[in-house]
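Peer 1: sequence and predicted structure below; questions after.
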Amino acid sequence: MRTAVIGAGAMGSLAAYLLHRAGMEVVVYERREERLRRLREEGVTLRGYVEGRFAPLLGEAGRAAAPYDVMVLAVEAGHTGEALRPLSPYVHRDTVYLSLQEGFAAAELAALVGAARTVVALAWASAEEVASGAVEVERLKALRVGRFGVQSAGAYAGLPPMLAGAFPCEVETVADIDAATWGRLQGAAAVSGICAVAGMEPIEARGDGRLDRLCREAAEECRVVAAAVGVELPQLQSPWMEAIWERLKPPMLKRALAGEATEVAWMSGRVVETARAHGVPVPVHGAIFTLVREIEGGRHRPGKTAVSELLRRVGENKGMSLQ
């Protein structure tokens with residue numbers, strides 16, 4: 001299948017390399033000029049759990065291209081429309097859009113291209129684009145693939161085998177992608193949100209007893225909210241282990257440190273929104289969501305002061321929930 005990978009950050013680069021290695025025709029699109037320069041001059045280098053190097057074919061919006069069968073979305077949530085718009089001429093009526101984004105970001109994609117064309121791939125993976133331009137891959141545990149809406153057999157059937165042949169991990173097709181997303185969110189939203197506020201990598205943050213407690217409380221909040229919408233999740237012994245990240249920075253932490261927009265609205269924000277609709281108190285996720293949004297807006301910086309503010313807000317939220 002002719003495949004476009006949109007976004008050459010950590011997950012986009014990893015997916016492009018694995019699909020290329022499996023023999024797929026892959027074209028990579030990237031909007032960051034500095035990243036594009038590196039890709040042209042140095043190609044993609046992966047180190048760690050996945051080792052390799054390749055020179056990707058680079059696409060350019062506005063340059064004639066044959067239609068793609070699969071569009072892989074590996075851009076941050078909130079930028080999906082901006083990333084897709086220039087490539088709209090290069091699709092056909094059966095093109096499938098595959099979201100590799102965290103949280104419920106696929107809802108944004110489905111709103112743009114239709115649920116019938118949207119497929120979700122949830123990656124239990126830890127990868128980071130580092131200063132040298134290489135991608136460090138800490139771990140790649142599993143990929144859960146499912147339909148966002150109802151696709152025709154022709155548009156969807158080839159995707160799971162393609163991914164299973166390319167990704168060196170367990171690749172499972174799931175019937176209920178919403179349930180699988182809540183399962184991923186349970187650990188990922190807690191860990192990435194706590195780390196984004198603290199400005200710490202997970203292995204450091206989990207060593208702080210206060211942050212460890214908040215992380216576990218956040219994971220439990222997510223479990224309770226999921227139950228309210230009919231999704232039964234297990235109690236996590238360790239959200240840190242479930243989230244996969246350890247020594248590398250989760251994307252939310254990396255963007256928070258850079259003062260950029262994060263995917264918090266599609267992670268803790270989704271927990272808060274669903275909790276509010278069902279009358280479930282979520283003091284930790286509520287505090288994470290509001291504080292990370294303020295970090296995005298420049299009102300706070302990740303670090304000790306933000307941790308103190310997080311603890312204060314959690315305490316305040318818990319007090320309000322008792323009234």
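Peer 2: That came through fine.

Peer 1: measure the closest residue to G114 other than its chain neighbours to D94 for me?
Peer 2: The shortest distance from G114 to any non-neighbouring residue, by Cβ to Cβ, 6 or more residues apart in numbering, is to G149 (7.2 Å). C-beta coordinates here come from the backbone N, C-alpha and C atoms, glycine included. Distance of G149 to D94, computed by Cβ to Cβ, to the nearest Å: 14 Å.

Peer 1: helix/strand/coil for the nearest residue to R53 once chain neighbours are set aside?
Peer 2: Sequence neighbours aside, T45 is the residue nearest to R53 in space, at 4.8 Å (criterion: Cβ to Cβ, 6+ apart). At T45 the chain is in strand, as set by DSSP: H, G, I helix; E, B strand; the rest coil.

Peer 1: what number of residues lie near T45?
Peer 2: 18 (other Cβ atoms under 10 Å).

Peer 1: surely it touches A134?
Peer 2: Yes. Using Cβ atoms under 8 Å, T45 is in contact with A134, at 4.2 Å.

Peer 1: ok so, going back, next, the contact list for the residue nearest to R53, please.
Peer 2: When contacts are counted by Cβ atoms under 8 Å, 6 or more residues apart in numbering, T45 touches G52, R53, G133, A134, V135.

Peer 1: repeat that for A180.
Peer 2: The contact partners of A180, by Cβ under 8 Å, 6+ apart, come to V120, L122, R144, G146, V174.

Peer 1: which one of the residues you listed is nearest A65?
Peer 2: The shortest approach to A65 among the contacts of A180 belongs to V120, at 25.0 Å (Cβ to Cβ).

Peer 1: how close does the closest one get to A261?
Peer 2: V120 is 21 Å from A261, by Cβ to Cβ.

Peer 1: ok, those two, which is more surrounded?
Peer 2: Neighbour totals were compared for V120 and A261, and V120 leads with 27 against 16 (other Cβ under 10 Å).

Peer 1: do you know how far the residue nearest to R53 is from C169?
Peer 2: Taking Cβ to Cβ as the measure, T45 and C169 are separated by 20 Å.

Peer 1: what's the end-to-end length of stretch 2-13?
Peer 2: For stretch 2-13, the first-to-last residue distance is 17 Å (Cα to Cα, to the nearest Å).
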